[in-house]
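**Q** Provide a 3D model corresponding to the input given below.
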Amino acid sequence: MAQTIPALNKFSYLCTQYKLKVMASFIADKIVMDGLTYDDVLLIPAYSEVLPKEVELKTQFSRNITLNVPIVTAAMDTVTESQMAIAMAKLGGIGVIHKNLTPENQAQHVARVKHFLNGMIEKPVTFRKNMKVYEIITERENCNYKFSGFPIVDDDGKLVGLFTNRDLKYLVGQGDTLVKEVMTKRNLVTAPQGTSLAEAKRILWQHRIEKLPIVDEHGHLKGLITSKDIDNAVNYPNACKDEQGRLRVGAAVGVSANTSERVDALVKAGVDVIVVDSAHGHSQGILNTVAKIRAAHPDLQIIAGNIVTAEAAKDLIKAGANTVKVGVGPGSICTTRVVAGVGVPQITAVMDCAEVAHKRPCGPSRLRREAVSVVHLYEQYSFFVIS
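**A** Numbering: from 1, shown residues only. Next up is the predicted model:
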């Protein structure tokens, strides 16, 4: 028996070698290119006079959105809702609210982010003086407002009072009371349009108040500045904010029957960017969705993905995307490549998509001068690309 083992081993070895040669020949005909991932390359250090504290990390998320910190939180139900989006935007990044919510609920999360911090609230939540107290309480609870003071206006939009927690504190069981009977209406401190934050801060401190209504020469309410917003502006100087001083936020949508309804609700809530999100972004459903959103909202910033090829970038840009999202299965905990066996190493994917994006105009003619951004994901794995 001992004499037959070498022969069996030799036979097995020859069979194995033959199988490997046949397999190698088959694979060689299928490999279409080599790909690089981040672990495959290194940056070569060179002479520098820049100190670490002088480095600026600003980057363009899209043409109209600049991130002071180049970090975006994922549109996953275990990652990003309003609380995470607020935290990210305060620090200079941006969060994308996930889509596993009803359109109304997702829009509420967007509204919470937009209401959290303002240079000046141009369209503050207001109520009428002839409403009943319980109506305001119900509205506040239904909309999950985290602030407690509301300007009270008449039918012409003129400021007539403020309704705060102080006015509500001792009204237990008196919900039918009219707002005009309990609101603060005497000695209202206001400021004219054009008041700077520095001047608003001085007025707030001088009168020991927390809310400063902004009115025009006829007394119509035109905005609201709060001490909280001024404090946040000081404490978070790198916050990612829009032109009105509000925190920026994105929201994800998919390909479904209510996508148009969802986008409309998100836009109404003040969303800054819509992310058309799919594991395979180079599909007809995604292209149709991007084109439909672009037609309905010509000025809306749209990101679409995920993709890994130049051809996909061309098609999404043609459909109207401002930014393409690159990466199929590159995340450290993502199993797409392991389970499905698809993807492209991330450096190669980013380079191919970026080359297209930097050359091609964005969809509609009114946006043709716009450079298309590329958002990509960090990865840890390297694979051959097989057709």
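**Q** List the buried residues for stretch 136-150?
**A** For stretch 136-150, the neighbour count (16 or more other C-beta atoms under 10 Å) marks Ile136, Arg140, Tyr145, Phe147, Gly149, Phe150 as buried. Yep, even glycine has a C-beta here, placed from its N, CA and C like the rest.
**Q** Same question for stretch 215-223.
**A** By neighbour count with 16+ other C-beta under 10 Å, stretch 215-223 contains the buried residues Val215, Gly219, Leu221, Lys222, Gly223.
**Q** quick one, helices of the protein?
**A** Under the criterion DSSP state H, the chain contains helices at 5-28, 82-91, 103-116, 133-143, 165-168, 179-182, 197-207, 227-235, 259-269, 284-296, 310-319, 336-340, 346-357.
**Q** Nearest to Leu171, out of the buried residues of stretch 215-223: which one, please.
**A** Nearest to Leu171, judged by C-beta to C-beta, of the buried residues of stretch 215-223 is Leu221 at 23.8 Å.
**Q** need the contact list for that closest one.
**A** Contacts for Leu221 (C-beta atoms under 8 Å, 6 or more residues apart in numbering) come out as Pro124, Thr126, Pro151, Val153, Gly157, Lys158, Leu159, Pro213, Ile214, Val215.
**Q** quick one: the third one and Lys158 touch, right?
**A** Right, the one you point to is Pro151. No - between Pro151 and Lys158 there is no contact under C-beta atoms under 8 Å: 10.3 Å.
**Q** So for those two, which sits in the more crowded spot?
**A** Pro151 (25 against 13; other C-beta atoms under 10 Å).
**Q** which ones are touching Ala340?
**A** Gly329 are the contacts of Ala340 under C-beta under 8 Å, 6+ apart.
**Q** Mind doing that once more with 10 Å?
**A** Ala340 makes contact with Ala279, His280, Val328, Gly329, according to C-beta atoms under 10 Å, 6 or more residues apart in numbering.
**Q** how many other residues sit next to the residue nearest to the third one when sequence neighbours are not counted?
**A** Beyond its immediate neighbours in the sequence, the residue positioned closest to Val328 (C-beta to C-beta, 6 or more residues apart in numbering) is Gly343, lying 4.3 Å away. For Gly343, the neighbour count with other C-beta under 10 Å is 22.
**Q** Over to Glu54?
**A** Other residues near Glu54 come to 7 when the count uses other C-beta under 10 Å.
**Q** distance between the ends of stretch 251-264?
**A** Taking C-alpha to C-alpha, to the nearest Å, stretch 251-264 runs 12 Å from one end to the other.
**Q** now stretch 266-286
**A** So stretch 266-286: terminal residues 18 Å apart, C-alpha to C-alpha.
**Q** same thing with stretch 208-217?
**A** 24 Å.
**Q** was I right about the residue nearest to Val328 contacting Pro330?
**A** Yes - using C-beta atoms under 10 Å, Gly343 is in contact with Pro330, at 7.3 Å.
**Q** low-confidence ranges in the stretch 251-387 of the chain?
**A** 360-387 (pLDDT under 70).
**Q** measure the closest residue to Glu311 other than its chain neighbours to Ala252 for me?
**A** Nearest non-adjacent residue to Glu311, counting by C-beta to C-beta, 6+ apart: His282, 7.2 Å away. Relative to Ala252, His282 is positioned 17 Å away (C-beta to C-beta, to the nearest Å).
**Q** Compare the two (neighbour count), which wins?
**A** Neighbour comparison, His282 and Ala252: the larger count goes to Ala252, with 24 against 21 (by other C-beta under 10 Å).
**Q** Distance-wise, check the residue lying closest to the more buried one once chain neighbours are set aside relative to Ala251.
**A** Distances taken as C-beta to C-beta, 6+ apart put Ala75 closest to Ala252, at 3.5 Å, once the chain neighbours are dropped. Distance of Ala75 to Ala251, computed by C-beta to C-beta: 8 Å.
**Q** do Leu221 as well
**A** Distance from Leu221 to Ala251, counting by C-beta to C-beta: 29 Å.
**Q** now swap in Val133 and tell me
**A** According to C-beta to C-beta, Val133 stands 33 Å off from Ala251.
**Q** Can you pick out the residue with more neighbours from the two?
**A** Neighbours per residue, other C-beta under 10 Å: of Val133 and Ala251, the larger number sits with Ala251, 31 against 21.
**Q** Isn't Leu204 up against Leu224?
**A** No - checked against C-beta under 10 Å, the pair Leu204 and Leu224 is beyond contact range at 11.7 Å.
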